[in-house]
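**Student:** Below: sequence and its predicted model.
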Amino acid sequence: MSKFRKDDNKETPAISTSSLPDIVFMLLFFFMVTTTMRETTLKVKIKLPAATEISKLEKKSLVSYIYVGPPTQPYQAVYGNEPRIQLNDKFSKLTDIADFVEAERQAREEQEQKMIVTSLKVDEFTKMGIVTDIKQELRKAAALHINYSSRKSSQTR
Amino acid sequence: MAKKVPEAPAASLADIAFMLLIFFLVTTTMDVDSGLERRLPQWVNPEDIDDTPPIKERNIFVVLVDRNNRLMVESELSRVDELREKTKEFLTNPMNLPNLPEKIVKDIPYFGPTEVLTASAVISLRNDVGTTYGTYIEVQNELIAAINELRETLAQEKFGKPFAKLNSDQQDAIKEIYPQKISEAEPKKIGGI
């Protein structure tokens, strides 16, 4: 008889799953490394305006955020419906912006302090009055590099 | 006789790892923040501002947005989708019209002596306290789009490459021809009915 004769009645062996944990762990480590946890909880509702001529914010560590929008449902009883400023985790007043900018500066290396970008995440339906006031505060605090955060709109004219 | 310790079953390891994996998948935010990049002017004390420096009327492109989000470009009501063309016309002044900005001849690397707008030519954007932020961004976007389109066209004409692919010297040369000069006036009330 031939040595290579097929064993016809043998069943196909089950695929070994012993390497499955390794594969899953590899994926897990990838996501653990790339993940950036949201460090602030949003207390204001923000729907960003759409724009086409947008540029990306390169280094996330150099960006500080100012949120403006109407408070979300749980906070409306206390803070009302009018757009409010949120810095870090709490509602703030205009006069707090100078301190906030200074704190953001102190949190960075000295050579990086000049490259800080302030990203304004402002709700579409906010009135410009509050935005202009924020801009004036930022100018006073010499945080001149700003970014009006916006969505990429698909429509091209 | 020592009994052999039974090995811990490893079958559930995959499930545990999967659970962790799903947690990180859900919490991950991959999106990159993006937006319109602008630079604010230096802070000047309101008392130090002397009267507006004399810029000729033809050298300013006035864009007003009132509190009903209506747009006024160079003293006439207009729609947002007309703004881009008007801005481009202002920035190029192709026919050398007397109501559009003056031009001077300037020596620019790669281009040689070229006609560019005078240094005082500026786009002036003003908004009311009651203007909606969305409209403001829309207008800003159109102004920046107009400048970017002009730069893009010039880059294609001169170098046959998109603006983003040019080296920094070439980009600077084009930026000198079409500077991004958008001035935002000190806040004041414009009104609107």
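**Tutor:** Now that the structure is in, tell me what you want to look at.

**Student:** quick one: low-confidence ranges for chain B?
**Tutor:** Using pLDDT under 70 as the threshold, the predicted model of chain B has low-confidence ranges B:1-2, B:29-32, B:46-54, B:186-193.

**Student:** Show me the helices in it, by range?
**Tutor:** Counting by DSSP state H, chain B forms helices over residues B:13-27, B:80-92, B:133-159, B:168-177, given from the N-terminal end onward.

**Student:** Could you confirm A:Ala67 falls within a strand?
**Tutor:** No, residue A:67 isn't Ala; it's Tyr. Yes: applying DSSP: H, G, I helix; E, B strand; the rest coil, one finds A:Tyr67 inside a strand.

**Student:** Look at the closest residue to it other than its chain neighbours and give its secondary structure.
**Tutor:** What sits nearest to A:Tyr67 in space, not counting adjacent residues and going by Cβ to Cβ, 6 or more residues apart in numbering or on different chains, is A:Gln86, at 4.1 Å. To be clear about C-beta, it is placed using only N, CA and C from the backbone, and glycine gets the same treatment. Using three-state DSSP, the secondary structure recorded for A:Gln86 is strand.

**Student:** residues in contact with A:Gln86?
**Tutor:** A:Thr40, A:Leu42, A:Lys43, A:Val44, A:Ile66, A:Tyr67, A:Val68, A:Gly69, A:Ser92 (Cβ atoms under 8 Å, 6 or more residues apart in numbering or on different chains).

**Student:** you'd agree the last one is up against A:Ile85?
**Tutor:** Yes: taking contact to mean Cβ atoms under 8 Å, the distance of 5.0 Å between A:Ser92 and A:Ile85 places them in contact.

**Student:** Between these two, which has more neighbouring residues?
**Tutor:** A:Ile85 (22 against 17; other Cβ atoms under 10 Å in any protein chain shown).

**Student:** Can you name the residues bridging to the more buried one?
**Tutor:** Using DSSP bridges, the bridge partners assigned to A:Ile85 are A:Val68, A:Ser92.

**Student:** can you pull the pLDDT of it?
**Tutor:** If you check A:Ile85, the pLDDT there is 91.

**Student:** roughly how far apart are it and A:Ile97?
**Tutor:** Remark: distance between A:Ile85 and A:Ile97 (Cβ to Cβ, to the nearest Å) = 8 Å.

**Student:** what's the overlap in contacts for these two?
**Tutor:** With Cβ under 8 Å, 6+ apart as the test, A:Ile85 and A:Ile97 both reach A:Ile66, A:Ile134.

**Student:** thinking again about what came up before, can you list the helices of chain B in TSV and add mean neighbour count and distance to A:Lys56?
**Tutor:** Supplementary listing: those in TSV, determined by neighbours: other Cβ atoms under 10 Å in any protein chain shown; distance: least, Cβ to Cβ, whole Å:
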stretch	mean neighbour count	distance to A:Lys56
helix B:13-27	14	22
helix B:80-92	17	23
helix B:133-159	19	15
helix B:168-177	15	17
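
**Student:** can you redo those as JSON lines with distance to A:Val78?
**Tutor:** As requested, the helices of chain B are exported to JSON lines (distance: least, Cβ to Cβ, whole Å):
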{"stretch": "helix B:13-27", "distance to A:Val78": "29"}
{"stretch": "helix B:80-92", "distance to A:Val78": "37"}
{"stretch": "helix B:133-159", "distance to A:Val78": "24"}
{"stretch": "helix B:168-177", "distance to A:Val78": "48"}
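
**Student:** Give the rounded mean pLDDT of the longest helix seen in chain A.
**Tutor:** Ranked by number of residues, the top helix in chain A under DSSP H is helix A:20-34. Per-region confidence: helix A:20-34 scores 82 on mean pLDDT.

**Student:** Which helix or strand lies directly C-terminal to that helix?
**Tutor:** Downstream of helix A:20-34, the next assigned helix or strand under DSSP states H and E is strand A:50-51.

**Student:** Count the residues that sit near residue 73.
**Tutor:** Defaulting to chain A. Neighbours around A:Gln73, by other Cβ under 10 Å: 8.

**Student:** Switch to chain B, please.
**Tutor:** 20.

**Student:** Dig out what it forms beta bridges with.
**Tutor:** With beta bridges defined as DSSP bridges, B:Val73 has these partners: B:Val63, B:Glu76.

**Student:** B:Asp81 is in contact with that one, correct?
**Tutor:** No: using Cβ under 8 Å, B:Val73 is not in contact with B:Asp81; the gap is 11.7 Å.

**Student:** OK, contacts around residue 62?
**Tutor:** This is for chain A. Residues in contact with A:Leu62, defined by Cβ under 8 Å, 6+ apart, are A:Arg108, A:Glu112, A:Met115, A:Ile116, A:Val117.

**Student:** wait, chain B
**Tutor:** If a contact means Cβ under 8 Å, 6+ apart, then B:Val62 has B:Met72, B:Val73, B:Glu74, B:Ser75, B:Ser124, B:Arg126 as its contacts.
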